[in-house]
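Chemist: Below is the structure, and that's it, no one-letter string:
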């Protein structure tokens, strides 16, 4: 990890968000829903991110909203990852029509546009809560990772040590758990991180169009109110900038972690390609001058 | 040709799956929100329209699930998607008909342009690794983490205003009559510029990253080394050998990612009040207009499938290994 | 001097820079004569492929050439150093003077371009004024050289067998009539029958066109037949160089002897197949003294502390044979 500054930065940022998710409601200076007479004020020392048209403190809304974002991201990520491992590894390991069928199933889910599907499901539910939103996202967004895992499993299955384990009569589930899964750890981790990112953006998008946990706050609800109260037309930039930046920073943190994993999995992406004034490039091997060497 | 036939069969299955999901969702979820809406509008609806909504949402409890399914499919095949509550009494099919061209024009064109620009930039970034091009990566990472719609909000706040060239919303100047004249077309272009740029900025970064990684991977292939050994020009090695091969996984990635991208771009329409399917979906969600929501989901799915088929044709043209002679 | 085509002097190639650098080729000096086949043999990791890629500056990152000279003598009597060339010069030089045939015939051809395109683009790059007609004619001619019918011009690589692909690569290598062709394990991935056919085509073409060959393989018995001279590499150094008949009959270095005992001989005296115990050295932690001594059946005390120099062994008439081994003190 030390040698991977990208992943380290990403993990640190993620850690901050998790702390805020846990401690946010205690840290918030105001009740996020509490109205006051400070209507639509720009950022000040009393209200760091300014106030809404009802005099609510936007800083508190963003802070309190972190919990819902992190919760939905984590739950959806876990659900989708478990499903993708089940479907992906099984379809990669099983030969014949069972494997093909599972693979076709994940392709179907991959091609169907996820967000509209999530919208029709969540808005048909009798009540929407963070949990139902997280579950809906998790149950509909496992297909991409399942596909990646299937491809990886297919290639692992042909490796010598797996063939050997099969030849010695080890049971299928033992081979999968002890020979195949450990080699998929990085891919699974990267899939999890990617799904969390997708789930967070989806939750915020849903909240932005008005599908969210009744009475709760997340960054998307802040943006929903900003949009529906014409914050832009009133010049209240502080209403939507903090929530958007929070999403961007969280997203960047997740992407950084994934870059770290990618470089770990694919060494070609790693490696310094220039140092000491020598640029390494494909096709023209540099020749060190006497001084540089 | 068997490649295309196989893909076509797969898309048929997917379309069937989407239709079936649409059929099942309202039936599996307890409560009949549609019933309440029908009751509310009853006085103004023809019995025929009520009948059609009953079939769509499984309100007729005397039918078995199988019977309902057969009726449902039959009705869809006739193009009857029910009545929209928001745009009452327009049929859903007509409502979608007015939104679809705007969405295809905005989302379709910008997605393709975004893919093209991103692939070109990613080619250079991957080829010139270890140079200034590496600076693109942190910038694009940050941009790709921002939701499309938020970028649109920022663009509106910064770039629009009473005196600005960019209008804050809509698809054309109010008061203009749609037609193929300069005034109208110019107005449409001016109105779509900002949403289009928003979509481009958000979507391009993903393609840059994936193409760059593919270029890095392909650059160490033997045939690229051979191309260098042959003394070909830098440009020729980069384009005809490295990028030409790196493009293949990117094209299949494009097809697979369409479903994700379309979701994000629809939101841009909401921010810019662009009268496409995204805005209609937003209105439908706000008004709990289930027939419209479901219709839009179906149409978007079918459009994505069609786009996938086109991507397959492109792949077929690009990769000789998928063509089978004779 | 006129019959020297390519001279490698003191070439050192490493992976990485600074403290983490690993030297894969150390101070190698070799000479290739006109019309000669020079065999380069050694186990994997001996540095033989790194040498080939390093001298042509095709080694991918993190490879760098640390130092040395790669001198090429042109027809006009000029001498150029490949390591001092600028990009444009190097591009002009490549393929026109030194062409390569790589290990993986499967992957050497661009999978999405037709055979004809790949044969013709190299001609176009070096003779931009040539007409498309003449390039096509030349491509047809080249395929004929390697016994492939002209209707294969429009094929894609995946439509050809492994042997055919390697023939196409050989045809491509000859496209600009280079003076040197470097071949890195050109037949390894092929079955024995195809391997034979390709080698005989190659021998015949060399006879006809008179180019020199650097032939890299781990299979010493193949070289005994095909090469004029053989250089044996171990741990990044040349440990023995001799005319192939001499090396085959009386290998001086225990490593050469071990290599010869690792493959069944195709002809000549039968040897007991014993192979070499142990595995090639880790380039990051090379043993002190002679790199081979931990595996050497005849190692002496001295081998562990002092590295033997490459030189003509005492008692050998002439200077056409060198070895780096304490068993054979050099003059």
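Modeler: Great, that's in hand. Here the structure is a predicted model, which is why all the values come from computation and not from measurement.

Chemist: Can you give me the neighbour number for residue 219?
Modeler: By default, I'm working from chain A. For residue A:219, the neighbour count with other Cβ atoms under 10 Å in any protein chain shown is 28. In this view, the C-beta of every residue, glycine as well, is placed from N, C-alpha and C.

Chemist: Oops, wrong one, chain C.
Modeler: 17.

Chemist: wait, isn't it in contact with residue C:263?
Modeler: Yes. With contacts counted by Cβ atoms under 8 Å, residue C:219 reaches residue C:263, the gap being 5.6 Å.

Chemist: quick one: the helices in chain A?
Modeler: In chain A, the helices defined using DSSP state H lie at A:5-27, A:58-93, A:97-111, A:114-124, A:130-140, A:143-157, A:160-167, A:172-174, A:181-208, A:219-228, A:237-265.

Chemist: Buried residues of the last one, list them for me.
Modeler: Of all the residues in helix A:237-265, those buried under the rule 16 or more other Cβ atoms under 10 Å in any protein chain shown are A:237-244, A:246-264.

Chemist: how about low-confidence regions in chain C?
Modeler: Flagging of chain C using pLDDT under 70 yields the residue ranges C:1-2, C:104-106, C:265-271.

Chemist: what does it have sitting close to chain B?
Modeler: With Cβ under 8 Å from any Cβ of the partner chain as the criterion, chain C meets chain B at residues C:53, C:56, C:58, C:60, C:87, C:90-96, C:99-100, C:102-104, C:107-114, C:121-122, C:125-126, C:156, C:158, C:169, C:172.

Chemist: check those against chain A, which are close?
Modeler: Checking the residues of chain C next to chain B against chain A (Cβ under 8 Å from any Cβ), the matches are C:53, C:58, C:60, C:87, C:90.

Chemist: before we move on, the earlier item: and of the helices of chain A, who's closest to residue B:36?
Modeler: helix A:114-124 (13.4 Å; Cβ to Cβ).

Chemist: Which strands or helices does the closest one pack on?
Modeler: Packing partners of helix A:114-124 (3 or more Cβ pairs under 8 Å, 6 or more residues apart in numbering or on different chains; DSSP states H and E): helix A:130-140, helix A:181-208, helix B:2-28, helix B:244-271, helix B:277-286, helix B:290-318.

Chemist: Just want the angle from the very next helix or strand once past the third one to helix B:290-318.
Modeler: Tracing the chain C-terminally past helix B:2-28 and defining elements by DSSP states H and E, one meets helix B:33-41 next. With axes from the mean of the first three to the mean of the last three Cα atoms, to 10 degrees as the basis, helix B:33-41 and helix B:290-318 are set at 130 degrees to each other.

Chemist: And helix B:33-41, what's buried?
Modeler: By neighbour count on 16+ other Cβ under 10 Å, the buried set for helix B:33-41 is B:34, B:37, B:38, B:41.

Chemist: residue of the stretch 151-293 of chain A with the smallest distance to chain B?
Modeler: residue A:251 (2.5 Å; Cβ to the nearest Cβ).

Chemist: Just give the nearest non-adjacent residue to residue B:82, would you?
Modeler: Nearest residue to residue B:82 in three dimensions, chain neighbours excluded: residue B:291, at 3.7 Å (Cβ to Cβ, 6 or more residues apart in numbering or on different chains).
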